[in-house]
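Peer 1: all I have is the shape, not the residue letters:
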């Protein structure tokens with residue numbers, strides 16, 4: 001799991017999370033309109049963007065998750 005966290009905290013992983021978040025927002029907001037599901041998906045799309053800007057990965061906060069530099 002440490003290698004996954006290390007990747008997701010790299011600039012490539014952070015950029016991928018921003019792209020994923022934008023894709024979720026686009027899918028939720030523009031393709032599903034103003035339905036409840038569309039709004040929920042669009043709001044969930046904000047999470048990977050916020051975490052990428054913060055520089056952390058949600059996997060770090062799970063039991064067994066570690067920061068990228070820890071052994």
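Peer 2: Perfect, thanks for sending it. None of the values given here were measured: they were computed from a predicted structure.
Peer 1: low pLDDT regions in the protein?
Peer 2: When residues are selected by pLDDT under 70, those of the chain lie in 63-71.
Peer 1: same thing but 50
Peer 2: Counting by pLDDT under 50, the chain contains low-confidence residues at 71.
Peer 1: which residues does stretch 50-59 contact?
Peer 2: Stretch 50-59 is contacted from outside by 1, 4-5, 8-9, 13-15, 17-18, 21, 47, 65, using Cβ atoms under 8 Å, 6 or more residues apart in numbering. Yep, even glycine has a C-beta here, placed from its N, CA and C like the rest.
Peer 1: switch to 7 Å and redo it
Peer 2: 1, 4-5, 8-9, 14, 17-18, 65 (Cβ atoms under 7 Å, 6 or more residues apart in numbering).
Peer 1: quick one: end-to-end distance for that stretch.
Peer 2: Start-to-end span of stretch 50-59 (Cα to Cα, to the nearest Å) is 14 Å.
Peer 1: re earlier: now a ChimeraX select for only the buried ones of the contacts of stretch 50-59.
Peer 2: In ChimeraX syntax, the buried subset of the contacts of stretch 50-59 is picked out as below (16 or more other Cβ atoms under 10 Å):
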select :5,8,9,14,17,18
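Peer 1: center of the chain - which residue?
Peer 2: residue 48 (2.1 Å; Cα atoms, centre = their mean).
Peer 1: can you point out the buried residues in the helix or strand where residue 39 lies?
Peer 2: Taking DSSP states H and E as the definition, residue 39 sits inside helix 36-54. The neighbour-count criterion (16+ other Cβ under 10 Å) identifies 38, 41-42, 45, 48-49, 51-52 as the buried residues of helix 36-54.
Peer 1: stretch 17-31 too?
Peer 2: If you call a residue buried by 16+ other Cβ under 10 Å, then stretch 17-31 has these buried ones: 17-18, 21, 24-25, 28-29.
Peer 1: and which of these is nearest residue 60?
Peer 2: residue 17 (13.2 Å; Cβ to Cβ).
Peer 1: contacts only, for that closest one.
Peer 2: Residues in contact with residue 17 (Cβ under 7 Å, 6+ apart) are 8, 48-49, 51-52.
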